[in-house]
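Visitor: Fold the following for me, if possible:
(chains A and B)
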There are 2 protein chains.
Amino acid sequence: MTEARELRSTIGADGTLRVAIEPVTLDAPGPDEVVVRVEAAPINPSDLALLLGAADVATLKADGDALTGTVPEQRMRAMQARVGQALPVGNEGAGTVIAAGDNVAGLLGKQVGMIGGAMFATHRKLPARDCIPLPAGASAADGASMFVNPLTSLAFVETLRSEGHKAMVHTAAASNLGQMLNRICIADGIPLVNIVRSEAQAEILREIGAKYIIDSTAPDFREALTRAIDETGATLAFDAIGGGTMANTILHAMETVEARKLAAYNRYGSSTHKQVYIYGMLDTGPTTLDRGYGFAWSVGGFLLTPFLMKAGMETVMRLRARVAAELKTTFASHYSQTISLADVLKPEIAAEYARKATGAKYLIDPSR
Amino acid sequence: MTEARELRSTIGADGTLRVAIEPVTLDAPGPDEVVVRVEAAPINPSDLALLLGAADVATLKADGDALTGTVPEQRMRAMQARVGQALPVGNEGAGTVIAAGDNVAGLLGKQVGMIGGAMFATHRKLPARDCIPLPAGASAADGASMFVNPLTSLAFVETLRSEGHKAMVHTAAASNLGQMLNRICIADGIPLVNIVRSEAQAEILREIGAKYIIDSTAPDFREALTRAIDETGATLAFDAIGGGTMANTILHAMETVEARKLAAYNRYGSSTHKQVYIYGMLDTGPTTLDRGYGFAWSVGGFLLTPFLMKAGMETVMRLRARVAAELKTTFASHYSQTISLADVLKPEIAAEYARKATGAKYLIDPSR
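Guide: Now for the predicted structure:
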């Protein structure tokens, strides 16, 4: 048995958020399980949505050692399914195996990357199949983000190939995930149109060697986007923003390019299928689609786990192997701050990591 | 050579709509072609979008024999691709073959249903493969609508099967297409949730034998929709409305049902894929999606021609054969008015057919 501490997030029926560290006791691992001392876990945007729920960041404050906040009443509807539950947080992490079941005893003492939730904890018991041993020379920090962003960016490329697209558009393109996607696409020869929001973000991608970088705050954004789509033939986009009109703008640009190729006017628009997948929600507002791009379009949600389930074990193993092989190059993550588990509960630190600013990425080291 | 008259719709750069009847000369048919005297052609919503474009119906007036109107300036952007072109109109129709090429001489004198545009005309030359001989006892009026609505409703059922859904939701469900869809689904044992906007529409479907009829104007609309989706297991919807929040409401109802089945809270929502296809635009306003239904969802355009091209010739032939066999039962259309080609240009008649009211369906008989 292992005495551990684990971060839990609870939202009450009255809209009160409470995040605290709770003691938990881990049983000895089963024959195919391991117990890992967590040494690094990133705070991804997807973790934040669970950690803080729909709480207003401006209301965060300390209550003893706990972090508290308030969910605005109009956003409580979306929280109903989690009310009253003390939810563990943290999609992925890395650390050292301190106990291992009989069938996986070879992992004892090894450092591994892990996926499976509840990683914002001092220790985690989980099936060995959800771990990847770190390659030689890689630290826990190197292996902390070897699942979500690497597999998601690889999933984008798999989707492009399986759906028969030639090129793709990506928004919030200077993110850690976006940087990985650029390195993959450059290596694999896939044209990638990067949409960023500032010159500083553009510079990050320029250094990686990105060819198409479009600033959505520039006055000629739509024209530049249309030109890049014309040059690359992109008919697929992955959008991290979600709310607002970005998906709509991308579909218009794609259809403008396709409509030019039509021999005669067709009131239904081009028959070339235009696909936007929304995989994030940097903007939690509604998505608005004016449908001024014919009928050959689709906008849908995209999530890694269902993609991997559908792709099958062989594909998953191939993608994981690439991540391990290129962990310190293609899939390198950069963190601006490393904090302790207790730091996660400090309001002034929470206000910072909740901003999700490009280049301000937080790593938790629960062993501190 | 055949001297014919054909309806043409033109929108000028200044936003002026002009619909007029023009003389055209049809050459003798090629070896695989026929010339048909058009005796019946329906005015479908999809025809109206080409006939009147984005013109404001309130501005329609007569100019000699022509019909004129004005497109509001803010809607001209969507009309750019057709400016200055005199476009023929009319997706489908039926009539008598008056000339036939050598390879298809057997069709001479036969009545046929036809697809291919430019049907609002006294005569139409087209490939014989775009014609279906009418079954014994069927009139031109019976065969006028044997492509668009019958094949679209059958395409919905094909899509349900190929994508693995158990049941479907349909909006504007008392339309001619919706009535056909009910007859197909009853015959094939597919649960169908019909969304209508009035008690009169509900009554139309009740007479056909529809089981699930939900009135979107009722105070308990969302609850009734959720219940019907729960009972049927519908995870697919076809939406004729397009604009507004109907697609969003359907996705919420589907996710409510799926979320109840989850063993534990999942902030990404259920992993059951929820699909809405928009195939019409009764509401031309923007589609709003609040994305409060996780990530396993998709909203996309649906159009018959690309569906048929993807489905392949074997499927198309199977569907066509069913339409011909059940033309006067499953696929029977009802028209409230039969008008001449010249009547189409009369402003008071145009104001009526442009309303797209349920039960007010117009048939053109160009031989009058």
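Visitor: dump the residue contacts of whichever residue of the stretch 1-150 of chain A sits closest to chain B.
Guide: Per C-beta to the nearest C-beta, residue A:82 is where the stretch 1-150 of chain A lies closest to chain B, at 4.6 Å. Quick note: C-beta positions are derived from backbone N, CA and C, even for glycine. Residue A:82 is in contact with A:11, A:53, B:265, B:267, counting by C-beta atoms under 8 Å, 6 or more residues apart in numbering or on different chains.
Visitor: Please tell me how far the third one sits from chain A.
Guide: Here the criterion is C-beta to the nearest C-beta, to the nearest Å. By it, residue B:265 lies 5 Å from chain A.
Visitor: how much space between the closest residue to that residue other than its chain neighbours and residue A:353?
Guide: Closest residue to residue B:265 apart from its sequence neighbours, by C-beta to C-beta, 6 or more residues apart in numbering or on different chains: residue A:82 at 4.6 Å. Remark: distance between residue A:82 and residue A:353 (C-beta to C-beta, to the nearest Å) = 20 Å.
Visitor: sorry, back to before: check the residue of the stretch 1-150 of chain A closest to chain B and give its pLDDT.
Guide: On the pLDDT scale, residue A:82 is placed at 92.
Visitor: which phi and psi does it have?
Guide: Dihedral pair for residue A:82: phi -110, psi 0, per degrees, to the nearest 10.
Visitor: Neighbour-wise, which one of the contacts of residue A:82 leads?
Guide: residue A:11 (26 neighbours; other C-beta atoms under 10 Å in any protein chain shown).
Visitor: Are we agreed that residue A:262 is in a strand?
Guide: No. Counting by DSSP: H, G, I helix; E, B strand; the rest coil, residue A:262 is not found in a strand; it is coil.
Visitor: show me what contacts the nearest residue to it once chain neighbours are set aside?
Guide: Nearest residue to residue A:262, sequence neighbours excluded (C-beta to C-beta, 6+ apart): residue A:270, at 6.0 Å. Applying C-beta under 8 Å, 6+ apart, we find residue A:270 in contact with A:255, A:258-259, A:261-262, A:294, A:296.
Visitor: Buried only: go through the residues you listed for me.
Guide: A:255, A:258-259, A:294, A:296 (16 or more other C-beta atoms under 10 Å in any protein chain shown).
Visitor: For the residue located most distally from the centre of chain A, grab phi and psi.
Guide: Most distant residue from the mean C-alpha position of chain A: residue A:264, 42.4 Å away (C-alpha atoms, centre = their mean). Backbone geometry at residue A:264, expressed as degrees, to the nearest 10, gives phi -140, psi 160.
Visitor: again with residue A:257
Guide: Torsion angles, degrees, to the nearest 10, at residue A:257: phi -70, psi -50.
Visitor: in the stretch 51-200 of chain A, which spans are helices?
Guide: In the stretch 51-200 of chain A, the helices defined using DSSP state H, counting those that start in this stretch lie at A:140-143, A:148-163, A:176-188, A:199-208.
Visitor: Mean pLDDT and distance to chain B for the ones you listed - can I get that in TSV?
Guide: As requested, the helices of the stretch 51-200 of chain A are exported to TSV (pLDDT from 0 to 100; distance: least, C-beta to the nearest C-beta, whole Å):
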stretch	mean pLDDT	distance to chain B
helix A:140-143	96	24
helix A:148-163	97	12
helix A:176-188	97	15
helix A:199-208	97	24
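Visitor: can you tell which of those helices is closest to residue B:184?
Guide: Of all the helices of the stretch 51-200 of chain A, helix A:148-163 sits nearest to residue B:184, with 29.6 Å by C-beta to C-beta.
Visitor: List the buried residues of the closest one.
Guide: For helix A:148-163, by 16+ other C-beta under 10 Å, it's A:148-160.
Visitor: Could you do stretch A:299-309 as well?
Guide: Using 16+ other C-beta under 10 Å as the test for burial, stretch A:299-309 gives A:299-304, A:306-308.
Visitor: Among those residues, which are located in helices?
Guide: Within the buried residues of stretch A:299-309, residues falling in helices by DSSP state H are A:304, A:306-308.
Visitor: Chain B next: which of the residues you listed are close?
Guide: residue A:306 (C-beta under 8 Å from any C-beta of the partner chain).
Visitor: Among the ones in helices among the buried residues of stretch A:299-309, name the least confidently predicted one.
Guide: Lowest pLDDT among these: residue A:306, 89.
Visitor: Which positions in the stretch 251-368 of chain A make contact with chain B?
Guide: Counting by C-beta under 8 Å from any C-beta, the stretch 251-368 of chain A sits next to chain B at A:259, A:262, A:265, A:267-268, A:271, A:273, A:278-279, A:281, A:286-292, A:294-303, A:305-306, A:309.
Visitor: which residues sit in contact with residue A:186?
Guide: Residue A:186 is in contact with A:208-210, counting by C-beta under 8 Å, 6+ apart.
Visitor: Just send those back as JSON lines, with neighbour count too.
Guide: Shown next, in JSON lines, are the contacts of residue A:186 (neighbours: other C-beta atoms under 10 Å in any protein chain shown):
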{"residue": "A:208", "neighbour count": "15"}
{"residue": "A:209", "neighbour count": "9"}
{"residue": "A:210", "neighbour count": "24"}
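Visitor: ok so, going back, the residue nearest to residue A:262 and residue B:292: what is the separation?
Guide: Remark: distance between residue A:270 and residue B:292 (C-beta to C-beta) = 31 Å.
Visitor: I figured residue A:127 hits residue A:32, correct?
Guide: Yes. In this structure, residue A:127 is within contact of residue A:32 by C-beta atoms under 8 Å, at 5.8 Å.
Visitor: nearest residue to the closest residue to chain B within the stretch 101-250 of chain A other than its sequence neighbours?
Guide: Chain B sits closest to residue A:242 of the stretch 101-250 of chain A, with a gap of 6.1 Å, by C-beta to the nearest C-beta. Closest residue to residue A:242 apart from its sequence neighbours, by C-beta to C-beta, 6+ apart: residue A:281 at 4.0 Å.
Visitor: Pull the number of nearby residues for the one you found.
Guide: 19.
Visitor: For it, list the residues it contacts.
Guide: A:45, A:49, A:241-243, B:291.
Visitor: What strand or helix carries it?
Guide: Using DSSP states H and E, residue A:281 maps to neither a helix nor a strand.
Visitor: pLDDT score for it?
Guide: 88.
Visitor: Could you do the one 5 residues further on as well?
Guide: At residue A:286 the predicted local confidence, pLDDT, stands at 97.
Visitor: Now do the strands for the stretch 101-250 of chain A: every range, in order, please.
Guide: A:111-115, A:123-127, A:131-133, A:168-171, A:192-196, A:212-215, A:236-239, A:242-244 (DSSP state E, counting those that start in this stretch).
Visitor: would TSV of these with distance to residue B:332, mean pLDDT and mean neighbour count be doable?
Guide: As requested, these are arranged in TSV below (distance: least, C-beta to C-beta, whole Å; pLDDT from 0 to 100; neighbours: other C-beta atoms under 10 Å in any protein chain shown):
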stretch	distance to residue B:332	mean pLDDT	mean neighbour count
strand A:111-115	57	97	24
strand A:123-127	59	98	21
strand A:131-133	62	94	21
strand A:168-171	46	98	26
strand A:192-196	50	98	27
strand A:212-215	53	98	22
strand A:236-239	42	98	26
strand A:242-244	45	97	19
